[in-house]
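Colleague: coords please:
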Amino acid sequence: MTDVLDLGAFDEPVLVFGGPYGNLQATRALLDEAARRGIAPSRLLCTGDVVAYCADPQATVDLIREAGIAVVMGNCEESLGSGTEDCGCGFAAGSSCDLLSAQWFAYAGRTLDDGAKAWMQGLPRRIAFTLAGRRLAAIHGGVERINRYVFPATPAADKAAEIARAGAEGVIGGHCGLPFTEIVEGRLWHNAGAIGLPANDGTPRVWYSTLSPSDDGIAFAHHALAYDHETAAAAMRDRGLPAAYAESLGTGLWPADDVMPEADRRTRGRPLAPAPVLWRHDAGRRKRA
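Modeller: Predicted coordinates for the structure are as follows:
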């Protein structure tokens, strides 16, 4: 394992996605969408948790590895790669999500081959790159705690502290499963959302993002993605995985939301429509005399 992987500099759009979660149908749809947009796999970035709730852990890992996509280690990769007994998701002990995780995590552990687990163990905890002159760092949860939840309602001061720890001008995070972009004192926190589960907004859509450089700055745009969620849910049921998560693929609602701040819980069931954000070149940078 390497702590930091540096991808170098990009001057063309980058596509970001999080949480494939073993959802093969959604992952295929994402790769098709990237091809439609003309974005090569070398400009795709995954914020971790390739494997989690859904039915096809091995096939999803194989698809992402074969495409050559850069992947940040998530807590699921850390746990599966090291052979620990739980997903390390950060769920409260005894909560609904904690109890359900025992089922899907055990399934993933016995389904993945040794090559997939070794690949997971070797993933970087941080991916650095430059886009339009901006230094960005991709992490899964927090810089020092891989399963830290950073939600839209997480205080801006907490986000600013994580950005400072990353040593970057902007952070691309994962783990929380919700798409959002926030400029914090000129710095930036961005989460593309997840493609493996809906965003708790009452629709079966999943989410990815594009980062597009321009003369004015970098445009961060969130995109909804439709895919064959019925087949994905049927595969989960066929393999005896938790019905609550199979149902979630269609209803667009998480089985539980106790990990979320109260302000984010109040958005449950409301279809998301995140506006694009332009991170201007001069934002957060001191003017030179």
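Colleague: What segments of the stretch 51-200 of the chain are strands?
Modeller: 70-71, 126-131, 134-138, 170-173, 179-184, 187-192 (DSSP state E, counting those that start in this stretch).
Colleague: got the buried residues for stretch 94-101?
Modeller: 96-98, 100-101 (16 or more other CB atoms under 10 Å). Where C-beta positions appear, they are placed from N, C-alpha and C, glycine not excepted.
Colleague: neighbouring contacts of that stretch?
Modeller: Defining contact as CB atoms under 8 Å, 6 or more residues apart in numbering, one finds that stretch 94-101 is touched by 86-87, 89, 91-92, 242, 244-245, 255-256, 258-259.
Colleague: By neighbour count, sort out the buried ones in the residues you listed.
Modeller: 87, 89, 91, 242, 244-245, 255-256, 259.
Colleague: and the buried residues of stretch 94-101 as JSON lines, adding distance to Asp201?
Modeller: JSON lines is the format used below for those (distance: CB to CB, whole Å):
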{"residue": "Ser96", "distance to Asp201": "19"}
{"residue": "Cys97", "distance to Asp201": "18"}
{"residue": "Asp98", "distance to Asp201": "23"}
{"residue": "Leu100", "distance to Asp201": "20"}
{"residue": "Ser101", "distance to Asp201": "22"}
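Colleague: Of those residues, which is the nearest to Ala234?
Modeller: Proximity of the buried residues of stretch 94-101 to Ala234 (CB to CB) peaks at Leu100, which lies at 18.5 Å.
Colleague: In terms of pLDDT, where does the closest one sit?
Modeller: pLDDT for Leu100: 85.
Colleague: center of this protein, which residue is that?
Modeller: Centroid check for the chain by CA atoms, centre = their mean gives Gly18 as the closest residue, at 2.2 Å.
Colleague: quick one: contacts for it?
Modeller: 46-49, 174-175, 177, 191-195.
Colleague: want to throw those residues into TSV with distance to Phe129, pLDDT and neighbour count?
Modeller: As requested, these are exported to TSV (distance: CB to CB, whole Å; pLDDT from 0 to 100; neighbours: other CB atoms under 10 Å):
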residue	distance to Phe129	pLDDT	neighbour count
Cys46	13	99	29
Thr47	13	99	27
Gly48	16	98	29
Asp49	20	98	30
Gly174	16	98	26
His175	19	97	28
Gly177	23	98	24
Asn191	17	99	27
Ala192	15	99	29
Gly193	20	98	29
Ala194	21	99	27
Ile195	20	99	25
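Colleague: Between those, which sits nearest Gly74?
Modeller: Nearest member of the contacts of Gly18 to Gly74, counting by CB to CB, is Gly48, at 2.6 Å.
Colleague: Nice, that's everything, thank you.
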